[in-house]
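In: attaching a predicted model along with its sequence, questions to come.
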There are 2 protein chains.
Amino acid sequence: MIWNKSVQPACDPIMTAPLKAVDKPVDIATAMGAIGRRARMAARVLALADADRKDAALTAMAAALREHSAEILATNADDLAEARSSGATTAFLDRLKLDNQGVSAMADGLDVVRGLADPVGIVTEAWTRPNGMRIERVQVPLGVVGVIYESRPNVTADAGALCLKAGNAVILRGGSDSLRSARAIHTALARGLRAAGLPEEAIQLVPTRDRAAVGLMLQGLGGAIDVIVPRGGKGLIARVQAEARVPVFAHLEGICHVYIDRDAQLEMAKSIVCNAKMRRTGVCGAAETLLVDRAVAATHLQPLVTMLIEAGCEVRGDAAMQAADARVKPASEQDWGTEYLDAVIAAKVVDGVDVAIDHIARYGSQHTDAIVTDNQVTAEKFLREVDSAIVLHNASTQFADGAEFGFGAEIGIATGKLHARGPVGVEQLCTFKYRIRGTGQIRP
Amino acid sequence: MIWNKSVQPACDPIMTAPLKAVDKPVDIATAMGAIGRRARMAARVLALADADRKDAALTAMAAALREHSAEILATNADDLAEARSSGATTAFLDRLKLDNQGVSAMADGLDVVRGLADPVGIVTEAWTRPNGMRIERVQVPLGVVGVIYESRPNVTADAGALCLKAGNAVILRGGSDSLRSARAIHTALARGLRAAGLPEEAIQLVPTRDRAAVGLMLQGLGGAIDVIVPRGGKGLIARVQAEARVPVFAHLEGICHVYIDRDAQLEMAKSIVCNAKMRRTGVCGAAETLLVDRAVAATHLQPLVTMLIEAGCEVRGDAAMQAADARVKPASEQDWGTEYLDAVIAAKVVDGVDVAIDHIARYGSQHTDAIVTDNQVTAEKFLREVDSAIVLHNASTQFADGAEFGFGAEIGIATGKLHARGPVGVEQLCTFKYRIRGTGQIRP
């Protein structure tokens, strides 16, 4: 055991000690290796824990969060003070800040995860071979999930709970600026695990600000980590995707399109475009590009553009868009591939659904794209040909969310093609194995 | 276009020209990048090709193989001659060698793949949200598969056909020693694609012996490759797993166990152990370790060991095994983690199912493991607790095979936990997307 005893994540009382001492563990690689091995051992126990025990832990975790809310807020105040004194931006402080409502929301989130169906042990397929062998494909946990996140302290609770529900051990590596807050939250989670008789190593928080810990996790800690889930800005995601030697569930960006077809009703088009762009501009499912069929440019363009501008959205368009409203700014080639995450939209007139599909294939990020049309044939073509994780007909791109899918909660949205695509909920945090029951069959 | 026109893979007539000229393309990275882009374009067409068209191509491909059998055998003879003159082993030449029966078997294999159900477009889940949105999870092709293989020329046809059936484009990189044979086979596949009106770039063969091509494929060719499937020996697999920057479907080794429980019938135990070890010793599903419950050592040990030795198998055992038969050699620690792929088995007495499960967790490769017992409770415990891709009760480990699962054909067996685990057939060569049909829903 390499961590100095005094700097181990203490469970009781909630740790509020200065962090200096943990900044330099004797050997970060050795220390992280030990975390990996403990996670692997805990994963074996977690994988076999029944639903009741995991749910009992989630109940106790939520209770501990509520009970220790004051201590959590006090540590968060320390994090905020340090961040403020080192010149953090208002947006950064906003993400870091917790209040009573925030802690309460975290606890409520644990209750939501507890209420989900246990994904482990579900037989997703079963068949019998001619020789009488019965083959089942049964869901089992992934094993060990590594979560690398930035300043939002609530990720500690959300990711910990989702991984636990799916029977996985998790190694959490939060942002340096929120380490005190993450620790206080983690302590509550550890109480819950202990109360339910589950190993505390099921949810470990990397107790150091040393950035080398991230690099080691991306290497997989000697085979201990099965998948990495990064949560944060594009810089973090890009680094993780570039360096990881283990699979990653993530999306780098959501360049989502809404295509208004010639057979779209104007009112539905306005409603969906407004919602897809403006409901929340900072989410990955927010529309970034509007494509309008030239066949309805005369009737639909001006109302759509005016609606967007009057809703406070900057429109960057091609010549036809600029002609529709003088307030439209010219779009550059770069705009078609930009994720604004802001009240800005790129807008273009296209010659029908095929050109729209080509545009999305060229500039999109295979995240979420929508068509508005009353023509079923055109809709089916779009749904079939657009190769994105989520394709929608006559609905807003902002439905790209695990809760909106009915998954209850999500750890993120993936745009990779392997294993998990779209919202990553508890089922996507599982893998499967084949279980075969025979009566002595041998292979001829 | 960087390849000299004269060295491009010609389609007609079957290329039998010397290979020298292709050994040094002007710039291998540029050339491979172009292959990647062509594959990506072909993948868009393939993804939307209907089942009939893909099946027509498979029919024409099989016909072309049969029709051009003599030319394929002639190029194979050239490969064999070169390999022989450079001192290849008999085993190597065996893997490389094609005969009439081999070409016929390849063509039959294409017919088998054609007969499989089209996996693309299958809706694997569907549900309706309270707001009326209908969500479907529908199977779609992965995109572009990179296959890196060694000397067996038949992989060209097998992998090409499986990828095509699943709607994927494929980039094949065969062994240098079998490049002429692979080319002749590839030419037949290209004829089939052309006959069915599908792009020939759907199945590309890397037309160079330059080893840098492998490294470039492992980097993903600038995002063009979605998954790599290596086919060959442990050296190749290990290199691919270590270097790949894209997901890999593979297993490094199959250290498969058979555990004979206290409630096992001796006759069934003998039958399953004999089949699991000796049916074919060189396959990944062959048993490498025999574990016997101490409670039946007195009755079961000697008959099992004697049966194995008399079947021609070397047994390396612990003290109890050695006591059962004087011909048993002592096992070293290393034997428990060795994949012999030969008529050798490691054998050990263990104190019950829990110790057997621990042994498998420690030394196994999460490939395929079996228990023999008449006790349902013990069987269920084993099936639940052993974390391998395939776990069997009262059946031979040699059933670890796509055809035996009813998948019709497989491109390999995966022991990773993500996406594909166990036999990789056409369904595992697909991913999915969510297709959502609404009536104007916007998110509150």
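Out: Yep, that arrived. Numbering: from 1, shown residues only, chains lettered A, B, ... in the order given.
In: how about the residues of the stretch 101-250 of chain A by chain B?
Out: Residues of the stretch 101-250 of chain A lying close to chain B by C-beta under 8 Å from any C-beta of the partner chain are A:127, A:129, A:133, A:135, A:140, A:142-143, A:226-227, A:247. All C-beta spots, glycine's among them, are computed from the backbone N, C-alpha and C.
In: go through the residues you listed and flag which are in strands.
Out: Among those, the members found in strands (DSSP state E) are A:127, A:135, A:140, A:227.
In: under a three-state scheme, what state does the closest residue in space to the third one that isn't next to it in sequence occupy?
Out: Of all residues not flanking A:V140 in the chain, A:K433 sits nearest, at 5.4 Å (C-beta to C-beta, 6 or more residues apart in numbering or on different chains). Under the three-state scheme (DSSP: H, G, I helix; E, B strand; the rest coil), the conformation of A:K433 reads as strand.
In: neighbours of A:K433, how many?
Out: Look at A:K433: counted by other C-beta atoms under 10 Å in any protein chain shown, it has 22 neighbours.
In: low-confidence regions, the stretch 1-150 of chain A specifically.
Out: Within the stretch 1-150 of chain A, the stretches with pLDDT under 70 are A:1-26.
In: doesn't A:L193 lie inside a helix?
Out: Yes. Counting by three-state DSSP, A:L193 is part of a helix.
In: quick check, pLDDT for it.
Out: We have a pLDDT of 98 for A:L193.
In: with A:G412 instead?
Out: 88.
In: show me what it is bridged to.
Out: Beta-bridge pairing of A:G412 under DSSP bridges involves A:V424.
In: that one - how many residues pack around it?
Out: A:G412 has 23 nearby residues by other C-beta under 10 Å.
In: was I right about the residue nearest to A:V140 contacting B:S388?
Out: Yes. Counting by C-beta atoms under 8 Å, B:S388 is a contact partner of A:K433 at 6.5 Å.
In: quick revisit: how about the residue nearest to A:V140, what does it touch?
Out: Applying C-beta atoms under 8 Å, 6 or more residues apart in numbering or on different chains, we find A:K433 in contact with A:137-138, A:140, B:387-391, B:421-422.
In: find the closest residue to chain B in the stretch 251-400 of chain A.
Out: The minimum distance from the stretch 251-400 of chain A to chain B, using C-beta to the nearest C-beta, falls at A:A395 (3.0 Å).
In: show the pLDDT at the closest residue to that residue other than its chain neighbours.
Out: Of all residues not flanking A:A395 in the chain, B:G438 sits nearest, at 3.0 Å (C-beta to C-beta, 6+ apart). In this model, B:G438 is scored at 87, pLDDT.
In: which other residues reach the longest helix anywhere in chain A?
Out: Longest helix in chain A, counting residues (DSSP state H): helix A:28-48. Here helix A:28-48 makes contact (C-beta under 8 Å, 6+ apart) with A:1-3, A:25, A:54, A:120, A:140-141, A:143-144, A:164, A:167-171, A:198-199, A:201-202, A:204, A:206, A:208, A:210, A:212-213, A:216-217, A:221-222, A:224-225, B:361, B:384-385, B:387.
In: in a strand, A:E288, correct?
Out: Yes. Counting by three-state DSSP, A:E288 falls inside a strand.
In: tell me how far the residue nearest to A:V140 lies from B:N275.
Out: 22 Å (C-beta to C-beta, to the nearest Å).
In: and for A:G33?
Out: Distance, A:G33 to B:N275, by C-beta to C-beta: 41 Å.
In: what secondary structure does A:L304 sit in?
Out: Of the three states, A:L304 takes helix under three-state DSSP.
In: number of residues surrounding it?
Out: Neighbour tally, A:L304, other C-beta under 10 Å: 27.
In: next up, the contacts around it.
Out: For A:L304, the contacting residues are A:260, A:266, A:269-270, A:273, A:290, A:292, by C-beta under 8 Å, 6+ apart.
In: and these as TSV, adding secondary structure?
Out: Formatted as TSV, the contacts of A:L304 follow (three-state DSSP):
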residue	secondary structure
A:I260	strand
A:L266	helix
A:A269	helix
A:K270	helix
A:V273	helix
A:L290	strand
A:V292	strand
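In: which two of these have the greatest separation?
Out: A:L266 and A:L290 (13.6 Å; C-beta to C-beta).
In: the two: which has the busier surroundings?
Out: Ranked by neighbour count (other C-beta under 10 Å), A:L266 and A:L290 place A:L290 first, with 26 against 15.
In: mind giving me the PyMOL command for buried ones among the contacts of helix A:28-48?
Out: In PyMOL syntax, the buried subset of the contacts of helix A:28-48 is picked out as below (16 or more other C-beta atoms under 10 Å in any protein chain shown):
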select buried, (chain A and resi 3+25+54+120+140+141+143+144+164+167+168+169+170+171+198+199+201+202+204+206+208+210+213+216+217+221+224+225) or (chain B and resi 384+385+387)
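In: so which of the contacts of helix A:28-48 are in helices?
Out: Judged by DSSP H, helices contain the following of the contacts of helix A:28-48: A:54, A:164, A:212-213, A:216-217, B:361, B:384-385.
In: count the neighbours of the closest residue to A:D387 other than its chain neighbours for me.
Out: Take A:D387 and drop its neighbours on the chain: the residue closest to it by C-beta to C-beta, 6+ apart is A:Q366, 6.1 Å away. A:Q366 is flanked by 21 other residues according to other C-beta under 10 Å.
In: and A:Q366, helix, strand or coil?
Out: Under three-state DSSP, A:Q366 comes out as coil.
In: state the distance from it to B:F249.
Out: 20 Å.
In: then A:H367?
Out: Applying C-beta to C-beta, one obtains 24 Å for the distance of A:H367 from B:F249.
In: repeat that for A:C430.
Out: 19 Å.
In: A:A395 now?
Out: For A:A395 relative to B:F249 (C-beta to C-beta), the value is 34 Å.
In: tell me the SS of the spatially closest residue to A:R95 that is not a sequence neighbour?
Out: Leaving aside its sequence neighbours, A:R95 sits nearest to A:S151 (C-beta to C-beta, 6+ apart; 4.7 Å). Assigned with three-state DSSP, A:S151 falls in the coil class.
In: what sits against A:T156?
Out: Per C-beta under 8 Å, 6+ apart, neighbours of A:T156: A:149, A:172, A:174, A:181-182, A:185-186, A:189, A:205.
In: residues in contact with A:R152?
Out: By C-beta under 8 Å, 6+ apart, the contact list for A:R152 reads A:95-96, A:178, A:231.
In: A:A356 now?
Out: A:257, A:259, A:261, A:291, A:293, A:350, A:371, A:382.
In: surely the first one meets A:L291?
Out: Yes. Using C-beta under 8 Å as the test, A:H257 is close enough to A:L291 to be in contact (5.9 Å).
In: compare the two (neighbour count), which wins?
Out: More crowded of A:H257 and A:L291, by other C-beta under 10 Å: A:H257, with 28 against 23.
In: quick one: mean pLDDT for the strand or helix carrying that one?
Out: Using DSSP states H and E, the element containing A:H257 is strand A:256-260. Across strand A:256-260, pLDDT averages out at 98.
In: on contacts alone, who are the packing partners of it?
Out: Secondary-structure packing of strand A:256-260 (3 or more C-beta pairs under 8 Å, 6 or more residues apart in numbering or on different chains; DSSP states H and E): helix A:266-278, strand A:287-293, helix A:353-363, strand A:368-372.
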